[in-house]
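> The sequence and its predicted three-dimensional model are supplied below.
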Amino acid sequence: MPASGTIARAIAAAVIVLAAPVGGSAQPTLKIFDAHLHYNQEPNPYYPLDRVLDVFRRNNVAGILANSRPNKGTHQLVDAKAPGLWVVPFIRPYRTRDDVQNWSTDPAIYDLIEAEYKRGYFRGVGEFHIYGNTAQAPLVKQVVDFAAARNLYLLAHCDEAALLILLAHNRSAKIIWAHTGFSTPTRRVRELLETNPELMGELSYRGGISEGGGGKLAAEWRELFARHSDRFLLGSDTWINERWFGYDTIMQTYRGWLAQLPEDQAKRIAHGNAERLFGGRVE
């Protein structure tokens, strides 16, 4: 999430509070795969690892797509080998906050990606931020081609214009669209999914899924999930500590509208799609 300072933190907290469901089954036994998890350690202070693992346990989060700034945070999650937690690590092309804006023109970022990949366990690259025609940068295409050649996924925080450029760079690219466009109309989301069979949508910060203060699933999203429940993933986007403070509420919100879906659809979105993509299982 590309924001900083007091205003950004206030917005993050408000999103958590406003999204919280008032009623409905919480489905506490439904295991969740968190497909947008940052364990950032820049800047300090950051959440201690033991507290992070406890957050996952109490929310029945049994799998995570981990990407961190710097990548040390992801290394620690992998090395922890926490019982009952399946870690799918992604290479984050960031060392510090400055890289959020500059990564696409810094040749050192490609060296970073190559070096991290040699660890042997990474399954993707991202989250990275890219907008509009900046996605045309040669380094961006180089990263897309790097991922496609190695069957790696890309977690892209981007607008639709950049998404289409990323897809055009390499038709073999497998892209997880972070936040599913934030507010892109559901009709357009459906068109993009049906035109691009490898595209997945990740739902953190995605607006419009529920309506009103009671957490009722919006009709247009109910229809979209009925058609394409195999194309969505849940995420927390713990980009700042306030997201860790609100993690329980974020997961409660997801469970609130998952409980309004048929069981097979809910399970796909909660963890089944991640199992299919990454070849593992939540336990």
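Okay, I see it.

> Pull out the buried positions in stretch 186-200.
Thr186, Val189, Arg190, Leu192, Leu193, Asn196, Glu198, Leu199, Met200 (16 or more other C-beta atoms under 10 Å). Just so you know, the C-beta spots here come from the backbone N, C-alpha and C atoms, and that holds for glycine as well.

> mind checking the SS state of Leu30?
The three-state assignment at Leu30 reads coil, by DSSP: H, G, I helix; E, B strand; the rest coil.

> is it true that it touches Ala266?
Yes - between Leu30 and Ala266 there is a contact under C-beta atoms under 8 Å: 6.6 Å.

> what do these two both touch?
With contacts taken as C-beta atoms under 8 Å, 6 or more residues apart in numbering, Leu30 and Ala266 have Leu258 as neighbours in common.

> Would you format the buried residues of stretch 186-200 as a markdown table with distance to Ile175, secondary structure and pLDDT included?
Conversion of those to a markdown table gives the following (distance: C-beta to C-beta, whole Å; DSSP: H, G, I helix; E, B strand; the rest coil; pLDDT from 0 to 100):
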| residue | distance to Ile175 | secondary structure | pLDDT |
| --- | --- | --- | --- |
| Thr186 | 19 | helix | 99 |
| Val189 | 13 | helix | 99 |
| Arg190 | 16 | helix | 99 |
| Leu192 | 10 | helix | 99 |
| Leu193 | 11 | helix | 99 |
| Asn196 | 8 | coil | 98 |
| Glu198 | 7 | coil | 96 |
| Leu199 | 6 | coil | 99 |
| Met200 | 7 | strand | 99 |
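
> From these, pick the one nearest Ala168.
Closest approach to Ala168 among the buried residues of stretch 186-200 (C-beta to C-beta): Asn196, at 10.4 Å.

> Contacts only, for the closest one.
Leu167, Ile175.

> Could you tell me how many residues sit around the spatially closest residue to Glu211 that is not a sequence neighbour?
Spatial nearest neighbour of Glu211, chain neighbours left out: Ala218 (4.7 Å); criterion: C-beta to C-beta, 6 or more residues apart in numbering. Ala218: 16 surrounding residues under other C-beta atoms under 10 Å.

> these two touch, right, Ala218 and Ile209?
Yes - between Ala218 and Ile209 a contact is recorded at 6.1 Å, counting by C-beta under 8 Å.

> Let me know the distance separating Met72 from Ala270.
For the record, residue 72 is Lys, not Met. Per C-beta to C-beta, to the nearest Å, Lys72 is found 29 Å from Ala270.

> Same question for Glu223.
19 Å.

> These two: which is more packed in?
A direct count of neighbours by other C-beta under 10 Å for Glu223 and Ala270 places Ala270 higher, at 26 against 12.

> Can you tell me the SS state at that one?
Going by three-state DSSP, the state assigned to Ala270 is helix.

> what sits against it?
Here Ala270 is in contact with Leu30, Lys31, Ile32, Phe33, Leu234, Tyr254, Leu258 (C-beta under 8 Å, 6+ apart).

> and which of the residues you listed is nearest to Arg119?
Phe33 (21.6 Å).
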